[in-house]
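>>> mind looking at a prediction? Sequence and model below.
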Amino acid sequence: MKRRHLDLSLYLVTDQGLAGERSLHDIVAAATRGGVTCVQIREKTASTGEFIEEALSIRDLLKKQNIPLIINDRIDIALAVKADGVHLGPSDMPLSMARSLAGKSMIIGVSAESVEGAVAAEREGADYIAVSPLHRTPTKTYAFPPLGIEGLRSIRTAVRTPLVVIGGLNRENAAEALQNGADGIAVVSAIVAAEDPEEAARDLREIITRAREK
């Protein structure tokens, strides 16, 4: 499988619990129209079969737009649906093992909650590092306190691997993260829970563009 170009600018992480009665497929479709550049499917409660069905549907949608599909945690599902990548957290499969299964063509992202974690991820060959959490967020419980902008700066100084920040990112603080070392922002509720996901994504994309111009 040929590796798809990875643009971390506006990275959407799905959450069925925030979608309400709407399908994730429809939310992702709207978000991509608004400018999302990468999508990660995160499913903690769905059965394997349900996860695969959802992933296949979203994969076909994203493929037409050349947007990478990343699967959270489940490398078996990433391989089964021929996703572009897999994202690994601190308690998931070690990166070296995932790479031996996935090969060089699959994108592998790793979460890092400290400078030490980011350095280790870079050393082991992560394609990108998710700095988490940058700010407090209600969508996920983290083992470490928020890193804040100073923590982001410290990680940016320590590694050269592309960084995407996650945790409480929204239109008020996205620019600050990009101006302090982040290559992109990852959002969950800012798009998934928005009344109009397309408009929410478009607003964030405009903020990202302006921040980079500065």
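The structure has been received and is ready for your questions.

>>> for residue 132, which non-adjacent residue is closest in space?
Nearest residue to residue 132 in three dimensions, chain neighbours excluded: residue 166, at 4.7 Å (Cβ to Cβ, 6 or more residues apart in numbering). Bear in mind the C-beta positions are built from the backbone N, C-alpha and C, glycine included.

>>> and the one you found, what does it touch?
Counting by Cβ atoms under 8 Å, 6 or more residues apart in numbering, residue 166 makes contact with 11, 13, 130-134, 137, 185-188.

>>> out of those residues, the closest to residue 21 would be?
The shortest approach to residue 21 among the contacts of residue 166 belongs to residue 188, at 17.9 Å (Cβ to Cβ).

>>> the closest one touches residue 18, doesn't it?
Yes - assessed by Cβ atoms under 8 Å, residue 188 is found in contact with residue 18 at 6.8 Å.

>>> quick one, which of those two is more surrounded?
With neighbours defined as other Cβ atoms under 10 Å, residue 188 and residue 18 compare such that residue 188 has more, 23 against 17.

>>> assumed residue 108 was part of a strand.
Yes - per DSSP: H, G, I helix; E, B strand; the rest coil, residue 108 lies within a strand segment.

>>> quick one: it and residue 97 touch, right?
No - contact between residue 108 and residue 97 fails when scored by Cβ under 8 Å: they sit 10.6 Å apart.

>>> out of the two, which sits in the more crowded spot?
More crowded of residue 108 and residue 97, by other Cβ under 10 Å: residue 108, with 24 against 12.

>>> ranges for the helices of this structure?
Ranges of helices in the chain, per DSSP state H, are 16-19, 24-34, 48-63, 75-80, 95-102, 115-124, 148-158, 174-178, 189-192, 197-213.

>>> the residue nearest to residue 127 when sequence neighbours are not counted bridge partners, please.
The shortest distance from residue 127 to any non-neighbouring residue, by Cβ to Cβ, 6+ apart, is to residue 107 (4.8 Å). Going by DSSP bridges, residue 107 is paired in beta bridges with residue 85.

>>> how close does residue 107 sit to residue 116?
23 Å (Cβ to Cβ, to the nearest Å).

>>> any idea how far residue 88 is from residue 8?
Applying Cβ to Cβ to residue 8 and residue 88 gives a distance of 16 Å.

>>> repeat that for residue 71.
From residue 71 over to residue 88 (counting by Cβ to Cβ), the distance is 10 Å.

>>> okay, and the helix or strand of the chain with the least pLDDT?
The least trusted helix or strand in the chain, going by mean pLDDT, DSSP states H and E, turns out to be helix 16-19, with a mean of 92.

>>> so how far is it off the chain centroid?
16 Å (Cα atoms, centre = their mean, to the nearest Å).

>>> ok, residues contacting it?
With Cβ under 8 Å, 6+ apart, helix 16-19 has contacts from 24, 27, 43, 45-46, 139, 188-189, 192-193.

>>> what about the closest residue to residue 63 other than its chain neighbours, how many neighbours?
Distances taken as Cβ to Cβ, 6+ apart place residue 69 nearest to residue 63, at 7.8 Å, with adjacent residues excluded. Residue 69 sits with 25 neighbouring residues when counted by other Cβ under 10 Å.

>>> doesn't residue 39 make contact with residue 69?
Yes - with contact defined as Cβ under 8 Å, residue 69 and residue 39 form a contacting pair (5.8 Å).
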